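Engineer: I would like to see how this sequence folds:
(2 chains)
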2 protein chains.
Amino acid sequence: MIRVALDAMGGDSAPRTEIAGVVEALAELPEGFLIQLVGRCGAIEAELARHPGVDRGRLELHEAADVIGMSEKPLQAVRRKPDSSLVVGLALQRDGRSDATISAGNTGAMLAGSTMLLGLHDGVERATVATLFPTGTEPVLVLDGGANLDCTPRELLGFAYLGTVYMRDLMGRPNPVVGLLNVGEEEEKGTAIVREAHQLLKRAPRLNYAGNIEGRDILPGPQQRVPVDVVVCDGFVGNVVLKFYESSARVFVGLLEERIPDAFDRPEMADLNRILDYSTYGGAPLLGVKGVSIVCHGASTPTAIRNAIRVAVQAARAGLSQHIGAEFAQRQTATSA
Amino acid sequence: MIRVALDAMGGDSAPRTEIAGVVEALAELPEGFLIQLVGRCGAIEAELARHPGVDRGRLELHEAADVIGMSEKPLQAVRRKPDSSLVVGLALQRDGRSDATISAGNTGAMLAGSTMLLGLHDGVERATVATLFPTGTEPVLVLDGGANLDCTPRELLGFAYLGTVYMRDLMGRPNPVVGLLNVGEEEEKGTAIVREAHQLLKRAPRLNYAGNIEGRDILPGPQQRVPVDVVVCDGFVGNVVLKFYESSARVFVGLLEERIPDAFDRPEMADLNRILDYSTYGGAPLLGVKGVSIVCHGASTPTAIRNAIRVAVQAARAGLSQHIGAEFAQRQTATSA
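Structural biologist: Now for the predicted structure:
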């Protein structure tokens, strides 16, 4: 039985959205997991009362009196608020009483908290937020998605390994292709950091590195030069592209609806809405920590929460964290040999 | 009469596409300009023979025996190839024999050549490639679009002024709103360089600065927090987002056509194709140089070349370069006072 701790107080409309997402998850996902709701039990119970049919046998409640706000400084907040729902949720996992932690709260605090409480695998320099981009076919993993704005070449190399293990374990791709996001495919293109990262990636063992890619190569389509599963970039670029993509999909949908008002009512269009909808993929895992830690957008829908729960269960079941640990242990051994 | 020098040998299918674009421009754009075709006159004449109806009275031919290749190192190429079509085209403008220069060739060489031959306005630290993003409504200017990968805070500030004058002169927006591309709206967000640029922009006179914006704020739409006319960023991010946008538009069109095969045959959809098509806007101006210098994509269509000619004529007629000079002179005076 996989135990998933959910910060019930994290998101913009907590705990309502969180509880609705849990209800969806319990009803719709395959069994074999239980949810640990962490937060103010009174508020959680009040929300649960709206869902009388929920299976209480698969729910635990864990009291956490405090909440970390969206604009609080991450490290300070984690240190000063040991009784916050986010920290209590991570502590359950640290203490072996939970297998995964999810929060739609302060992303920085979740990153800092996960790093402090769960720790990083040996050889991992920084944990990274890995975000799946929906596409017309299979999703593409972009990392870092905004946690690490300035990255060293070695950190970018680390992201390539983290993304590779993730895509293998969770998306079933046996040999994921990695691309380094750059402004051109040639070796001499890019900033000094990206150029050096390219050299490290070229020589890296056990990576299926396709070389430099451009913005047009992220999504599969007519413009893509080489298909990729994993896109490595610093968190500044990753965050900008992620948010831009989300908004451009909505702009496209709006332009279309202006012209064909019933476009999305047609049955053949139903899946397009899903493809363009981020909530399909739900949370973004923090890769590199010892354990399973998932961040969700503050404005997550219940479906996004449900899908984050799905990802958490899959990651715990697949042994993602253990595989990441083994991969980096192998790198450490190779380096010191 | 505005004289526009066009590097006839620049693009991937030169001189065919260039000549076809010129023919389109002469037929479709308002009169008051002539085209100076620069390149191998034999090859140009051979192409012109395919368009017997063209008005030769509005065409000049200027021989240039050499061509700068797409993969040549910009500065070296400009220095070593004074007889290249790109350099000869710029030299015409430097010598007062032309009012604007366009090339679909090596962008770096066009930037280096424009900076060397035309010079920068006093106070401009680096010229920038300004790219218009098509939207459902008015286009948005993003700069830098890929010429300057690493930028100082002062350079980013300079881009804000360059973009402001451009949008005022060429897009008729009296008081363009400037946003600084970042990973969040709060002051403390971003890299050290972006944070300092934000402080400079906040205090800058004669700028309509809206503050930090995110990837989702670039395009007008439901997700945009603040409408912007000018987006300031370094050339790495700008280039990635530009190319990503172009490809995502095509992915979206493809997804739509898979589901509604005749979608784009419908009359109400004709303009959507246009909106999503970069060639509508044609060339990207290099702002900050003394004169008018326009770069086009190597894979430009004839329509893109035609539109680059339109932009060149507009820029020359509006006195864009003079206005940029005056703006930076005012900044210099204010700084030294």
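Engineer: what residues go with each domain of chain A?
Structural biologist: A:1-124+A:288-319, A:131-280 (automatic domain parsing).
Engineer: to chain B, which of those lies closest?
Structural biologist: Set against chain B and scored by Cβ to the nearest Cβ, those come closest in domain A:131-280, at 3.2 Å. In this view, the C-beta of every residue, glycine as well, is placed from N, C-alpha and C.
Engineer: how about CSV for the domains of chain A, with distance to residue B:117 and mean neighbour count added?
Structural biologist: Formatted as CSV, the domains of chain A follow (distance: least, Cβ to Cβ, whole Å; neighbours: other Cβ atoms under 10 Å in any protein chain shown):
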stretch, distance to residue B:117, mean neighbour count
domain A:1-124+A:288-319, 48, 21
domain A:131-280, 24, 20
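Engineer: quick one, strands of chain A?
Structural biologist: A:2-7, A:33-39, A:59-63, A:100-103, A:128-129, A:131-133, A:140-143, A:177-181, A:208-213, A:230-232, A:284-287, A:293-295 (DSSP state E).
Engineer: ok, residues contacting the shortest one?
Structural biologist: The list of residues contacting strand A:128-129 from outside it, by Cβ atoms under 8 Å, 6 or more residues apart in numbering or on different chains, reads A:107, A:111, A:143-148, A:158-159, A:162, A:235, A:284-288, A:295.
Engineer: the helix with the most length in chain A vs chain B: in contact?
Structural biologist: If you go by DSSP state H, chain A has its longest helix at helix A:235-259. Yes: using Cβ under 8 Å from any Cβ of the partner chain, helix A:235-259 comes into contact with chain B via A:235-237, A:239-252, A:254-256, A:258-259.
Engineer: skipping its backbone neighbours, what lies nearest residue A:19 in space?
Structural biologist: residue A:47 (4.1 Å; Cβ to Cβ, 6 or more residues apart in numbering or on different chains).
Engineer: do I have it right that residue A:253 meets residue A:264?
Structural biologist: Yes: counting by Cβ atoms under 8 Å, residue A:253 touches residue A:264, with 7.3 Å between them.
Engineer: so which of the domains of chain A comes closest to residue B:223?
Structural biologist: Evaluated with Cβ to Cβ, these place domain A:131-280 nearest to residue B:223, the distance being 4.2 Å.
Engineer: just how off-centre is that closest one within its chain?
Structural biologist: Remark: domain A:131-280 is offset 13 Å from the chain centroid, using Cα atoms, centre = their mean, to the nearest Å.
Engineer: just stretch A:24-37 next, same as before
Structural biologist: Between the mean C-alpha location of stretch A:24-37 and the chain-wide mean there is a distance of 19 Å, by Cα atoms, centre = their mean.
Engineer: about what we covered before: between the domains of chain A, which gets nearest to residue B:137?
Structural biologist: Nearest to residue B:137, of all the domains of chain A, is domain A:131-280, at 9.9 Å by Cβ to Cβ.
Engineer: quick check: pLDDT value at the residue nearest the centre of chain A.
Structural biologist: Centroid check for chain A by Cα atoms, centre = their mean gives residue A:284 as the closest residue, at 1.1 Å. On pLDDT, residue A:284 comes in at 93.
Engineer: lowest-pLDDT helix or strand in chain A?
Structural biologist: In chain A, no helix or strand scores lower on mean pLDDT, DSSP states H and E than helix A:270-275, which sits at a mean of 71.
Engineer: re the thing from before, which elements pack onto the longest helix of chain A?
Structural biologist: Where contact means 3 or more Cβ pairs under 8 Å, 6 or more residues apart in numbering or on different chains; DSSP states H and E, helix A:235-259 is packed against strand A:131-133, strand A:140-143, helix B:235-259, helix B:270-275.
Engineer: which of these has the lowest mean pLDDT?
Structural biologist: helix B:270-275 (a mean of 71).
Engineer: so what's the residue nearest to residue A:19 up against?
Structural biologist: A:15, A:16, A:19.
Engineer: ok, the last one - contacts?
Structural biologist: In other words, residue A:19. The contact partners of residue A:19, by Cβ under 8 Å, 6+ apart, come to A:8, A:37, A:44, A:47, A:48, A:50, A:51.
Engineer: and residue A:314, how close does it get to residue A:33?
Structural biologist: For residue A:314, the distance to residue A:33 equals 10 Å [Cβ to Cβ, to the nearest Å].
Engineer: likewise residue A:178?
Structural biologist: Distance of residue A:178 to residue A:33, computed by Cβ to Cβ: 31 Å.
Engineer: same question for residue A:311.
Structural biologist: Applying Cβ to Cβ, the value for residue A:311 to residue A:33 is 12 Å.
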